[in-house]
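Trainee: My questions are about this predicted structure, shown below with the sequence.
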Amino acid sequence: RSIAQVMERYNIKLFASMPSVYGDTQLLFDHPGGAIVIEKSEGDWHRKITDEVNIKIRLGRAVIVFFETTAHLKKYQDSSYFKQVLPGHANLLDEGVKAEMRDFVIGKAATSEQATFASAVFGRGTDFFCRDSKLTEAGGVHVLQTFFSSQKAEEVQIQGRTARQGKKGTYGLVLLRDDLEKDFGLGKSAFDKVAQASWYDTLDTARRAVRAKVCSQIENNLAEANAIDALTNKYFDSVRMGPQGQKRAGTRFLELFQTLRGEEPCRTNDYHVIFLVDVSGSMLEQDKRPQSVDIASSGHNNRVGCAMEACDTFVRMRCQDGAADLVTLTSFSTNPETVLSAAEVHDDMITRLLTKWKPRYGLTNFGGAFSSAASTVRGDVSGMPVLIMFLTDGVDGSNSVQQLETALSELSENENVSLRVIGFGGESHCDMDNLTSIAERFGEHGKCISAIDEVALVGSFEAAAAELSYTGKRKAA
C-alpha cells in the first residue's frame, strides 16, 4: 500500500523488485518470546546490555551492539557495566575511529566470542561478513539494538547486519523507557497492561503515528515551498516585462515578502532611521518617475519623487511590522536640510511631508550629508540602533573631502550605526566604486546597492526594511 501511495504521489510509473539469491532470510527476531527488553533506569539499561552480551559470548556467538549516537555509546563505555564485559572480547566502533582500526574492527566483528559496540551510523551498509564456521554453528551474529528507530527503514538496515547471505542470525532490542517517552510519547505506564507478545506492535504503532506527523509536516513544507516558488516566478516575470510590468512587480514583491515574513514577526527591533536623499539638480529629471499617483501629483513627478516613494515604502513596511522607529529625513545638495528630525514613525508621514516640502536643488555634496548624519547620531539619546539610508543619483561634486572623511570616520567607528548606500541609476549615473568604498568603511554593517530604475530603487528599500525584522512562522500556503 505504501509503495502504491508513493508511486501515485510522485507520478512513478514503474518499479522493479529483485528477490534475494540466498532465499528466505534466516534472521530470528523472537519479539513475542522475550527479544524485547524495556528498562526503567539508565543503570539497569546498561546492566542489561552487558548481561546480554556476556551470555552470547559464552555461547560462542558474536554480538554487535548498536547505540543511537556516539554520545550514547560513550556514556555506556564510561559506565561500570562496560568494564564487566568479558575481558578481551570488547571492540569499539564509532565515527572517531581511524580508517585502519575501523576496517580491523569490522573485519573481526563477525567472529566467535567477539563483542562490537558501534554507533548507529555503522548499522547502514557496513558489511560484517561472517567467514567463521564455528560462529555459524553457534547460531551466527546477534545484533542488539539499544534504541527504537524512528524509521522502520533504519531498523531493517540494522537487522541486516546479521543473517547475511543466507546465514543464521538473531536480533533483539534493549530499550530505555525514558527514550520511548521522549521520542514516541509512550508514557511510563504504556506497557503495564500490554502483553509482552504485543510490545513490538505497541512500539511500531507509536512510531507510525510520529512518522505520520513528520510526513505531514514535510508535505506542508513542500506545498509552502511550491507557493513561494510560484510567487517568485510571477515577480520575475513582471520584472522582465520592463516598464509595463512595474506596478505588477511591486505588488508581486509585496505578496512574496508577506509570505516570507510570516503571520507575525517574533520581534521587531526599533531603529532610528536616517534618510539622506540627494536633491541635486539632476534629481529634477523626469526620466524616472514614481509609480504612486499621490506622490507624482504632489509636484514630485521626477527622480526626487522616486526617492520619496522608496522612503514611503520603507516607512509603511516598518509600520506594518509594528516598529516604533524614529525617522530623520535630510535632503542634500550644496547644503543639507533636515526636514524631519527624529519624528515618530507613522504610515503617511512621507506623503504628508511632500504636500508642503520644496527641495533646495543645487550641487551634490556628500560631505554635508554625512556631516548632518553624524550630528544627528551625536545628539541621539534614544539608545536605538541607527540605520542610515544614503541615496544619490550622481557623484560627489564638492571639494569637501576633509568634511566627508571626518564624518565617515566618526560614523563608521560607531558600532551602533549601519549604512546602506544606494546608487540610483547604477553605473550610468553614479560612481559605484566610490559608493562601494564608502559602504565598505562600515565593514559588515555597510552595504552598497545599485538601483538601475525606480522599481529597483523601491525594491532596495523594501529589502532594507525587511532585514530589520526578525520573523516567525510563515503564513500557511
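Mentor: Now that the structure is in, tell me what you want to look at.
Trainee: in the strand or helix carrying residue 371, what counts as buried?
Mentor: In this structure, residue 371 sits in helix 366-378 according to DSSP states H and E. For helix 366-378, burial by neighbour count (16 or more other Cβ atoms under 10 Å) applies to 366, 367, 368, 369, 370, 371, 372, 373, 374, 376, 377. (C-beta placed from N, C-alpha, C; glycine too.)
Trainee: I'd like these as a markdown table, with pLDDT appended.
Mentor: Compiled in a markdown table, those are given as follows (pLDDT from 0 to 100):
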| residue | pLDDT |
| --- | --- |
| 366 | 95 |
| 367 | 94 |
| 368 | 95 |
| 369 | 96 |
| 370 | 96 |
| 371 | 96 |
| 372 | 97 |
| 373 | 97 |
| 374 | 97 |
| 376 | 97 |
| 377 | 96 |
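Trainee: closest to residue 279 among these?
Mentor: Comparing the buried residues of helix 366-378 against residue 279 with Cβ to Cβ places residue 369 closest, at 10.3 Å.
Trainee: show me the residues around the closest residue in space to that closest one that isn't next to it in sequence that make contact.
Mentor: For residue 369, ignoring the flanking residues on the chain, the nearest one in space by Cβ to Cβ, 6 or more residues apart in numbering is residue 332 at 3.9 Å. Contacts for residue 332 (Cβ atoms under 8 Å, 6 or more residues apart in numbering) come out as 276, 277, 278, 279, 280, 364, 365, 366, 368, 369, 372.
Trainee: re earlier: so which elements touch the helix holding residue 371?
Mentor: Judged by 3 or more Cβ pairs under 8 Å, 6 or more residues apart in numbering; DSSP states H and E, helix 366-378 is in contact with strand 272-278, strand 326-332, strand 336-344, strand 386-392, helix 401-412.
Trainee: Mind putting those into a markdown table with distance to residue 23 and mean pLDDT?
Mentor: Listed next are the helices and strands packed on helix 366-378 as a markdown table, based on distance: least, Cβ to Cβ, whole Å; pLDDT from 0 to 100:
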| stretch | distance to residue 23 | mean pLDDT |
| --- | --- | --- |
| strand 272-278 | 74 | 97 |
| strand 326-332 | 78 | 96 |
| strand 336-344 | 80 | 95 |
| strand 386-392 | 71 | 96 |
| helix 401-412 | 75 | 94 |
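Trainee: Surely residue 143 is in a strand?
Mentor: Yes: counting by DSSP: H, G, I helix; E, B strand; the rest coil, residue 143 is found in a strand.
Trainee: That one bridge partners, please.
Mentor: Assessed by DSSP bridges, residue 143 has beta-bridge partners residue 64, residue 171.
Trainee: Could you double-check that it lies in contact with residue 156?
Mentor: No: with contact defined as Cβ atoms under 8 Å, residue 143 does not reach residue 156; the gap is 11.6 Å.
Trainee: Give the buried residues for the helix or strand where residue 295 lies.
Mentor: Under DSSP H and E, the secondary-structure element containing residue 295 is helix 293-296. Residues of helix 293-296 classed as buried by neighbour count (16+ other Cβ under 10 Å): 295, 296.
Trainee: got it, and stretch 398-415?
Mentor: For stretch 398-415, by 16+ other Cβ under 10 Å, it's 398, 400, 403, 404, 407, 408, 410, 411, 412.
Trainee: Compute the distance from the centre of it to the centre of its chain.
Mentor: 37 Å (Cα atoms, centre = their mean, to the nearest Å).
Trainee: related to what we said a few turns ago, name the residues that touch the helix holding residue 295?
Mentor: Identification of contacts with helix 293-296 by Cβ under 8 Å, 6+ apart yields 289, 290, 305, 308, 309, 312, 351, 354.
Trainee: of all those residues, which comes closest to residue 189?
Mentor: residue 312 (62.3 Å).
Trainee: Could you give the number of residues near the closest residue to that closest one other than its chain neighbours?
Mentor: Spatially, and ignoring its direct neighbours in sequence, residue 312 is nearest to residue 350 (3.9 Å; Cβ to Cβ, 6+ apart). Using other Cβ atoms under 10 Å, residue 350 is surrounded by 25 other residues.
Trainee: Of all the residues in whichever strand or helix holds residue 350, which ones are buried?
Mentor: Per DSSP H and E, residue 350 falls inside helix 349-354. By neighbour count on 16+ other Cβ under 10 Å, the buried set for helix 349-354 is 349, 350, 351, 353, 354.
Trainee: Equivalent analysis for stretch 215-235, please.
Mentor: Buried residues in stretch 215-235, defined by neighbour count with 16+ other Cβ under 10 Å: 227, 231, 234, 235.
Trainee: Tell me if I'm right that residue 427 and residue 436 touch.
Mentor: No: Residue 427 lies out of contact with residue 436 (Cβ under 8 Å); the separation is 10.9 Å.
Trainee: Flag the helix or strand of this structure with the lowest per-element mean pLDDT.
Mentor: strand 265-268 (a mean of 51; mean pLDDT, DSSP states H and E).
Trainee: need the contact list for residue 446.
Mentor: Shown in contact with residue 446 (Cβ under 8 Å, 6+ apart): 412, 418, 419, 420, 421, 438, 439, 440.
Trainee: Just the endpoints, please. Distance across stretch 148-167?
Mentor: In stretch 148-167, first residue to last residue: 25 Å (Cα to Cα, to the nearest Å).
Trainee: Which positions in that stretch come out as buried?
Mentor: Quick answer for stretch 148-167 (16+ other Cβ under 10 Å): 148-149, 154-155, 157-164, 167.
Trainee: Tell me the one among these nearest to residue 197.
Mentor: Proximity of these to residue 197 (Cβ to Cβ) peaks at residue 148, which lies at 17.0 Å.
Trainee: any idea whether that closest one is helix, strand or coil?
Mentor: State at residue 148, reduced to three classes by three-state DSSP: coil.
Trainee: Verify the contact between it and residue 207 for me.
Mentor: Yes: the criterion here is Cβ under 8 Å, and residue 148 meets it with residue 207 at 6.9 Å.
Trainee: Overlap of the contact sets of these two?
Mentor: Common contacts of residue 148 and residue 207 (Cβ under 8 Å, 6+ apart): residue 184.
Trainee: for the protein, what's the longest helix?
Mentor: helix 199-240 (DSSP state H).
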